[in-house]
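# A predicted structure for the sequence below; I have some questions about it.
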Amino acid sequence: MPEKIAVLIADDHAIVRDGLRLILETEDDLEVVAEAADGAEAVRLALELRPDVVLMDLRMPGMDGLAAIQRLKDTAPELAVVILTTYNEDDLMLHGLKAGARGYLLKDTARAVLFDTIRAAAQGRTLLSPEVLARVLAAQGEPAAESQESENAAALTDRELEVLRAAARGDRSKEIARDLGITERTVKAHLTSIYNKLGVDSRASAVAAAAHHGLLALDELD
């Protein structure tokens, strides 16, 4: 039996938490280990239990989901957070991904997508649906003002852009290595360089930052 993926659910509605628990535990490899009713409780339980994935709602009383994601990024960046919310707003999506979330799902998403996103996050991958990715790119707005950050973004090499586009499609490091004819270690080195140049520390935040700087286009990710 493979080891179960431990999931923490953070949502201020008990009926939502109950429903998610029932849905997730239909899968043999998923296990809900705790529930939180607000951001502060989510942070406390996540730091105490170290689950594989935190399913985080955004708007909760007290500390909201965005603040909780940022707190976890600062204190335990290895923890994987997936946003699961009713709020279909581009600004929240961008802020959540830039804060370090590895996925953004709406509560009416299909079960299979939910399961796949949790499994990807537990493996250290980012899995953004085509719809979410399209909205991230469409919401990039005006190019970022000239700054050290934008200069660093412009300094991405052609190979780094290839790796970033593949990562945005949800490809794993070994898949990127195979497609580009390079080693997996080289892929990881390129990702580290990309993160450093963009000032981020995850694939999702790299995609959001690259979109903000106009470095990704939807037709390049097909």
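Perfect, I can see it now.

# Domain-wise, how is this protein divided?
Using automatic domain parsing, the domains assigned to the chain come out as 5-137, 144-217.

# which stretch in those domains is the model least sure about?
Among those, domain 144-217 carries the lowest mean pLDDT, at a mean of 80.

# Could I have the CA atoms of stretch 103-120 written out in PDB?
What follows is stretch 103-120, C-alpha atoms only, in PDB (Å, rounded to 0.1, in the frame of the first residue of the first chain):
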ATOM      1  CA  GLY A 103      -2.800  25.400  -7.400                       C
ATOM      2  CA  TYR A 104      -6.000  27.400  -7.600                       C
ATOM      3  CA  LEU A 105      -9.400  25.600  -7.700                       C
ATOM      4  CA  LEU A 106     -13.000  26.600  -7.500                       C
ATOM      5  CA  LYS A 107     -15.300  24.600  -5.200                       C
ATOM      6  CA  ASP A 108     -17.400  23.500  -8.200                       C
ATOM      7  CA  THR A 109     -14.300  21.800  -9.800                       C
ATOM      8  CA  ALA A 110     -14.600  18.200 -10.900                       C
ATOM      9  CA  ARG A 111     -13.500  15.600  -8.400                       C
ATOM     10  CA  ALA A 112     -10.800  14.200 -10.700                       C
ATOM     11  CA  VAL A 113      -9.200  17.600 -11.100                       C
ATOM     12  CA  LEU A 114      -9.200  18.100  -7.300                       C
ATOM     13  CA  PHE A 115      -7.600  14.700  -6.800                       C
ATOM     14  CA  ASP A 116      -5.000  15.300  -9.500                       C
ATOM     15  CA  THR A 117      -4.100  18.800  -8.200                       C
ATOM     16  CA  ILE A 118      -3.600  17.500  -4.600                       C
ATOM     17  CA  ARG A 119      -1.400  14.600  -5.900                       C
ATOM     18  CA  ALA A 120       0.700  17.000  -8.000                       C
END
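
# got a list of contacts for that stretch?
5, 7, 16, 23-24, 27, 29-30, 53, 55, 82-86, 88, 93, 96-97, 102, 121, 126-129, 132, 170, 204 (CB atoms under 8 Å, 6 or more residues apart in numbering). All C-beta spots, glycine's among them, are computed from the backbone N, C-alpha and C.

# Please point out which parts of it sit buried.
Neighbour-count burial for stretch 103-120 flags 103, 104, 105, 106, 109, 114, 115, 117, 118, 119, 120 (criterion: 16 or more other CB atoms under 10 Å).

# and the residues you listed as TSV, adding secondary structure?
Listed next are these as TSV, based on DSSP: H, G, I helix; E, B strand; the rest coil:
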residue	secondary structure
103	strand
104	strand
105	strand
106	strand
109	coil
114	helix
115	helix
117	helix
118	helix
119	helix
120	helix
